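Engineer: here is a sequence together with a model predicted from it:
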Amino acid sequence: MSREEELVPIARITGAHGIKGEVKAAPYGDLDDMDWEAVAVFLAGKGGARPARVTRARRHKGVFILELDGVADRNAAEALAGLDVSVRRSDLPETAEDEYYYFELVGMDVYSEDSKRIGRVSDVMETGSNDVLVVDGPYGEVLVPAIEQVIVRVDPDKKEIIIRLLEGILPE
């Protein structure tokens, strides 16, 4: 499978919404530009990925409410909880310069400006004001605010992030 055809998770189904088969999908990052009805989506879990078709999508209280073809009632929608909604990498909207999808950051190594290894990004949390990188490494879990004052450089080719160690980032 080529890099463009690679499936990437963009949201997780967290449960049913209402009684007509709609699901709640918590996005992994900003998906406001996603044309849900126009792209091929896949529902992915431990058993692999299967194609699905979004017939309607809307934003609601921080999640997306998706109507999926063939999911007709609450029981069918609840059965999908925990699955990732994935798309082909080539179907993702383009990001601006210095913007990245969460999946692109997870797995990157994080170093301080003086080359001290902080760890590897295991997750990205959305906090409302700014995203926070969850970094696991020799200092335990370190929460790194994804703000201009802290993030010095992201190098996707080297799969590394260089940060400025402001006071309070590393544990005592």
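Structural biologist: Looks like it came in fine. Numbering: from 1, shown residues only.
Engineer: in the chain, what residue spans correspond to helices?
Structural biologist: Counting by DSSP state H, one finds helices in the chain at the ranges 74-78, 102-105.
Engineer: most tightly surrounded among those helices?
Structural biologist: Comparing the helices of the chain by mean neighbour count (mean count of other Cβ atoms under 10 Å), helix 102-105 ranks first with a mean of 19. Where C-beta positions appear, they are placed from N, C-alpha and C, glycine not excepted.
Engineer: helices or strands up against it?
Structural biologist: If you count contacts as 3 or more Cβ pairs under 8 Å, 6 or more residues apart in numbering; DSSP states H and E, helix 102-105 packs onto strand 117-126.
Engineer: now the protein, which segments are flagged as low pLDDT?
Structural biologist: Along the chain, the model assigns pLDDT under 70 to residues 1-4.
Engineer: now residue 158: how far from residue 147?
Structural biologist: Counting by Cβ to Cβ, to the nearest Å, the gap from residue 158 to residue 147 is 21 Å.
Engineer: also residue 31?
Structural biologist: Counting by Cβ to Cβ, the gap from residue 31 to residue 147 is 21 Å.
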